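Asks: sequence and computational prediction follow.
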Amino acid sequence: MVNAKDDRKFSVLIAGGGSTYTPGIVLTLLNGLDKFPLRKLKFYDNDAERQKKIADATAILVKERAPEIEFEATTDPEEAFTDVDFVMAQIRVGKYAMRSLDEKIPLKHGVVGQETTGPGGIAYGLRSIPGVVQLVDYMEKYSPNAWMLNYSNPAAIVAEATRRLRPNSKIINICDMPIDIMDRMAAILGKKDRNDLVFRYYGLNHFGWWTDVRDKQGNDLMPQLKEYVSKNGYWVGGDYDKNTEASWESTFKKAADVYKLDPTTLPNTYLKYYMYPSWVVKHSDPNYTRTDEVEAHRQKMVFGECARIVENNTAKDTEFKPDEHSTYIVDLCTAIAYNTHQRMLAIIPNEGAISNIDPTATVEVPCLFGANGPERLSMGKAATFQKGMITEQNSVEKLAVDAWEQHSYTKLWQAFSLCKIVPDAGVAKDILDEMIVANKEYWPELK
Ligand SMILES: NC(=O)c1ccc[n+]([C@@H]2O[C@H](COP(=O)([O-])OP(=O)(O)OC[C@H]3O[C@@H](n4cnc5c(N)ncnc54)[C@H](O)[C@@H]3O)[C@@H](O)[C@H]2O)c1
Ligand SMILES: O=P(O)(O)OC[C@H]1O[C@H](O[C@H]2[C@H](O)[C@@H](O)[C@@H](O)O[C@@H]2CO)[C@H](O)[C@@H](O)[C@@H]1O
Ligand SMILES: [Mn+2]
């Protein structure tokens with residue numbers, strides 16, 4: 001037990017109940033009731049039909065494993081957000097249909113097509129801003145003391161938007177990519193998991209670097225990791241990677257080349273899109289992108305497994321299990337609930353954490369997590385290479401939010417053009433004009 005004398009039980013809302021990641025979180029919550037006890041679990045989504053498929057299976061899981069927990073799924077914001085301690089947000093505004101266009105439109109123009117990177121990421125950002133701000137407003141209206149841990153992507157743009165639009169809100173934007181990589185580092189080093197490592201890391205979301213990794217005794221583990229990563233990237237192989245899909249395998253392996261560009265640090269895997277965009281485009285199929293792969297694998301598995309649970313009316317033999325995504329968000333809630341001051345990453349306003357970067361940039365750095373939320377740790381100065389990269393990419397993210405706020409075509413064109421992976425302003429304009437048509441239902445009308 002985290003705190004045997006404390007008899008609090010928490011009420012958790014998963015916003016984006018229909019997400020493919022929801023069953024993993026449910027499993028993690030149910031497995032960890034001794035550390036983070038629950039009294040209520042609720043789902044909220046604006047697609048009742050999609051959410052119901054996950055909710056029907058969850059109702060069986062909860063009934064079998066912890067019938068004392070009250071469970072409900074709803075599309076009504078008041079019902080969802082009332083009497084909640086933690087909101088775990090993971091919505092995808094526009095769903096996979098729009099993600100597919102974010103990937104395929106840039107690729108038609110020979111540019112990287114990716115969920116959170118380049119034009120695709122910016123397009124997704126402009127859809128996510130109002131969706132996530134609406135969740136924050138519901139939380140503040142119906143449960144003003146609650147915390148929101150937000151995974152909804154693109155987290156960098158969402159974090160910049162919430163910093164500006166809801167500066168006092170209790171939303172903490174987070175990402176599971178460095179978490180997954182740190183579990184990989186632990187496996188490479190023969191340690192149990194990421195919690196055996198003490199690290200220094202800085203950058204933007206999906207755009208950062210480790211500068212130090214040590215064990216709990218303070219021994220420097222960077223030399224051993226660098227030696228491994230220079231050859232294999234973050235690919236562990238064997239049993240560890242037996243379920244890893246082909247595109248992720250390629251990404252984890254490509255980290256070897258990304259590392260070589262700056263052997264003083266260890267990189268986030270997403271930097272491959274910025275360092276090797278031509279290679280990425282060459283290895284992409286414009287007619288079969290990551291969305292197609294997700295629909296064929298993860299989405300099919302998740303909804304198939306939910307249907308199987310419902311059909312058998314039992315989840316005793318379920319394939320669902322905790323993963324980095326689910327354990328991280330539950331660990332964060334636990335650290336806040338019990339004021340543990342555990343050192344974990346978050347995407348937050350810089351305010352000096354990286355001393356030579358704009359204080360208003362939203363950066364990803366380690367923080368101590370307690371009852372007041374994240375307390376940022378100082379990571380010192382960014383080196384020249386990182387400072388240049390961060391400054392450019394952060395300007396792209398700021399311009400995207402400017403464009404959304406001001407309904408400005410020019411600002412959005414600037415964001416696309418400044419982006420490192422777009423070759424010139426002409427290509428940027430061609431992609432933008434196509435994206436405006438595709439996102440008509442979601443974006444403000446640009447002037
Ligand atoms: N930050 C991270 O590191 C990280 C990691 C994994 C996933 N994600 C993000 O989590 C989200 C979910 O991913 P997924 O692949 O499971 O997507 P998904 O499409 O399976 O689930 C998203 C759900 O959100 C719902 N939704 C969309 N707009 C909504 C709105 N305005 N209000 C309420 N519900 C809404 C959809 O109906 C859907 O059920 C995405 O934003 C994804 O990018 C982030
Ligand atoms: O292409 P997807 O939908 O599979 O993943 C996109 C997300 O990728 C990252 O999360 C990864 C995680 O890091 C990886 O190791 C594995 O556990 O799967 C996760 C999700 O697939 C990234 O951090 C997210 O922001 C992306 O949404
Ligand atoms: Mn992420």
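Replies: Right, received. Where do you want to start? Ligands and ions are numbered 1, 2, ... in the order given.
Asks: could you measure the spatially most central residue of the chain against residue 345, distance?
Replies: The residue lying closest to the centre of the chain (C-alpha atoms, centre = their mean) is residue 175, at 3.4 Å. Relative to residue 345, residue 175 is positioned 7 Å away (criterion: C-beta to C-beta, to the nearest Å). All C-beta spots, glycine's among them, are computed from the backbone N, C-alpha and C.
Asks: got any residues that touch both of those two?
Replies: residue 364 (C-beta atoms under 8 Å, 6 or more residues apart in numbering).
Asks: residue 54 and residue 16 touch, don't they?
Replies: No: judged on C-beta atoms under 8 Å, residue 54 makes no contact with residue 16 at a distance of 10.0 Å.
Asks: ok, which stretches of the stretch 301-447 of the chain are strands?
Replies: Ranges of strands within the stretch 301-447 of the chain are 342-349, 362-370, 373-376, based on DSSP state E, counting those that start in this stretch.
Asks: circling back to that earlier point, overlap in contacts, residue 54 and residue 16.
Replies: In contact with both residue 54 and residue 16: residue 22, using C-beta under 8 Å, 6+ apart.
Asks: residues near residue 218, how many?
Replies: Applying other C-beta atoms under 10 Å, we find 7 other residues in the vicinity of residue 218.
Asks: ok, now how distant is the residue nearest to residue 370 when sequence neighbours are not counted from residue 372?
Replies: In this structure, residue 370 finds its nearest non-sequential neighbour in residue 339, 4.4 Å apart by C-beta to C-beta, 6 or more residues apart in numbering. According to C-beta to C-beta, residue 339 stands 8 Å off from residue 372.
Asks: and for residue 282?
Replies: Relative to residue 372, and taking C-beta to C-beta, residue 282 is found at 48 Å.
Asks: neighbours of the residue nearest to residue 370, how many?
Replies: 12.
Asks: look up phi and psi at it.
Replies: Here is the backbone geometry of residue 339 (degrees, to the nearest 10): phi 50, psi 50.
Asks: low pLDDT regions in the stretch 151-300 of the chain?
Replies: For the stretch 151-300 of the chain, no stretch is flagged by pLDDT under 70.
Asks: returning to that earlier point: and the strands of the stretch 301-447 of the chain as a markdown table, adding mean neighbour count?
Replies: Shown next, in a markdown table, are the strands of the stretch 301-447 of the chain (neighbours: other C-beta atoms under 10 Å):
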| stretch | mean neighbour count |
| --- | --- |
| strand 342-349 | 21 |
| strand 362-370 | 23 |
| strand 373-376 | 18 |
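Asks: okay if I get the ones you listed as CSV plus mean pLDDT and distance to ligand 2?
Replies: As requested, the strands of the stretch 301-447 of the chain are exported to CSV (pLDDT from 0 to 100; distance: least, C-beta to the nearest ligand atom, whole Å):
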stretch, mean pLDDT, distance to ligand 2
strand 342-349, 98, 11
strand 362-370, 98, 11
strand 373-376, 98, 18
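Asks: closest one to residue 309 among those?
Replies: Taking C-beta to C-beta, strand 342-349 is the member of the strands of the stretch 301-447 of the chain nearest to residue 309, at 31.6 Å.
Asks: Three-state assignment for residue 273, please.
Replies: helix (DSSP: H, G, I helix; E, B strand; the rest coil).
Asks: ok, for it, nearest residue in space, not its chain neighbours?
Replies: residue 117 (4.4 Å).
Asks: what is the neighbour count of the residue of the stretch 51-200 of the chain at minimum distance from ligand 1?
Replies: The nearest approach of the stretch 51-200 of the chain to ligand 1 comes at residue 153, 3.2 Å away (C-beta to the nearest ligand atom). Residues near residue 153, counting by other C-beta under 10 Å, number 24.
Asks: go on, residue 121?
Replies: So residue 121, with other C-beta under 10 Å, has 28 neighbours.
Asks: buried ones in stretch 301-320?
Replies: 302-303, 305-306, 309-310, 315, 318, 320 (16 or more other C-beta atoms under 10 Å).
Asks: closest one of the residues you listed to ligand 3?
Replies: Distance ranking of the buried residues of stretch 301-320 against ligand 3, using C-beta to the ion, places residue 302 first at 18.4 Å.
Asks: residue 23 is in contact with that closest one, correct?
Replies: Yes: in this structure, residue 302 is within contact of residue 23 by C-beta under 8 Å, at 6.1 Å.
Asks: nearest spatial neighbour of residue 379, skipping sequence neighbours?
Replies: residue 202 (4.0 Å).
Asks: that neighbour and ligand 3, how far apart?
Replies: Residue 202 sits 16 Å away from ligand 3, taking C-beta to the ion, to the nearest Å as the criterion.
Asks: mind checking which helix or strand that residue is in?
Replies: Per DSSP states H and E: residue 202 is located in strand 197-204.
Asks: of all the residues in that strand, which ones are buried?
Replies: Buried residues in strand 197-204, counted by 16+ other C-beta under 10 Å: 197, 199-204.
Asks: please apply the same query to stretch 220-229.
Replies: For stretch 220-229, by 16+ other C-beta under 10 Å, it's 221-222, 225-226, 228-229.
Asks: secondary structure and distance to residue 90 for those residues - can I get that in JSON lines?
Replies: Formatted as JSON lines, the buried residues of stretch 220-229 follow (DSSP: H, G, I helix; E, B strand; the rest coil; distance: C-beta to C-beta, whole Å):
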{"residue": "221", "secondary structure": "coil", "distance to residue 90": "31"}
{"residue": "222", "secondary structure": "helix", "distance to residue 90": "32"}
{"residue": "225", "secondary structure": "helix", "distance to residue 90": "30"}
{"residue": "226", "secondary structure": "helix", "distance to residue 90": "33"}
{"residue": "228", "secondary structure": "helix", "distance to residue 90": "32"}
{"residue": "229", "secondary structure": "helix", "distance to residue 90": "29"}
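Asks: turn those into a markdown table, columns for distance to ligand 1.
Replies: Below are those laid out as a markdown table (distance: C-beta to the nearest ligand atom, whole Å):
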| residue | distance to ligand 1 |
| --- | --- |
| 221 | 24 |
| 222 | 24 |
| 225 | 22 |
| 226 | 25 |
| 228 | 24 |
| 229 | 21 |
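Asks: contacts only, for residue 347.
Replies: Per C-beta under 8 Å, 6+ apart, neighbours of residue 347: 155-156, 159, 172-175, 204-205, 362-364.
Asks: closest one of these to ligand 3?
Replies: residue 175 (3.3 Å).
Asks: wait, the closest one touches residue 155, no?
Replies: Yes: here residue 175 reaches residue 155: they are 5.3 Å apart, a contact under C-beta under 8 Å.
Asks: between those two, which contacts overlap?
Replies: 205-206, 347.
Asks: can you list the strands of the stretch 301-447 of the chain in TSV and add distance to ligand 3?
Replies: Shown next, in TSV, are the strands of the stretch 301-447 of the chain (distance: least, C-beta to the ion, whole Å):
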stretch	distance to ligand 3
strand 342-349	9
strand 362-370	9
strand 373-376	16
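Asks: appreciated, that's everything.
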